[in-house]
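1. return a 3D structure for these sequence lines:
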Amino acid sequence: MTRVLSVLLALAACAGLAAPATTATIRTVKVGDNYFVRDGGTPTVTVTRDTRVRWRWSGNSFHDVTVVGGPVRFKSRAMDSGSYTRRMTRRGTYRIVCKIHGGADQSMTLRVR
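-> Presented below is the predicted three-dimensional model:
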């Protein structure tokens, strides 16, 4: 009986180690017609490593999310609604544009700390 109890306690301890310690943070970025976050200017969004960034479309036109500078390159497909989510695992500064409208009209900076 003591041996069975010891094995059960050991299994319970291992199961506790396998459980995730924290839940992932999600930061939402608005994708409007020809802007990210807000109309006007080039906004900067700062998140910590392992944050999930969700770009959510709110305009009527097609847009995409394309990294043109930064530690990791990625891009979404062109959409006019819905969302695109990316887990940011590498620290650094990312320059993001909508390739459809160009960096002069639709760009943002994402800093991952």
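
2. please count neighbours and contacts with C-alpha atoms only from this point.
-> Fine.

3. stretch 69-81: end-to-end distance?
-> 25 Å (C-alpha to C-alpha, to the nearest Å).

4. look up which helix or strand the nearest residue to residue 74 once chain neighbours are set aside falls in, please.
-> On the basis of C-alpha to C-alpha, 6 or more residues apart in numbering, the spatially nearest residue to residue 74 that is not a chain neighbour turns out to be residue 67, at 5.6 Å. Secondary structure from DSSP states H and E places residue 67 in strand 66-69.

5. would you mark the buried spots in that strand?
-> Of the residues in strand 66-69, 66, 67, 68 count as buried by neighbour count, 16 or more other C-alpha atoms under 10 Å.

6. cool, and stretch 68-78?
-> Taking 16+ other C-alpha under 10 Å as the basis for neighbour counts, the residues of stretch 68-78 that come out buried are 68, 70, 75, 76.

7. what does it rub up against?
-> Applying C-alpha atoms under 8 Å, 6 or more residues apart in numbering, the external contacts of stretch 68-78 come out as 62-67, 84, 90-97.

8. how far off centre is that stretch?
-> The chain centroid and the centroid of stretch 68-78 are separated by 12 Å under C-alpha atoms, centre = their mean, to the nearest Å.
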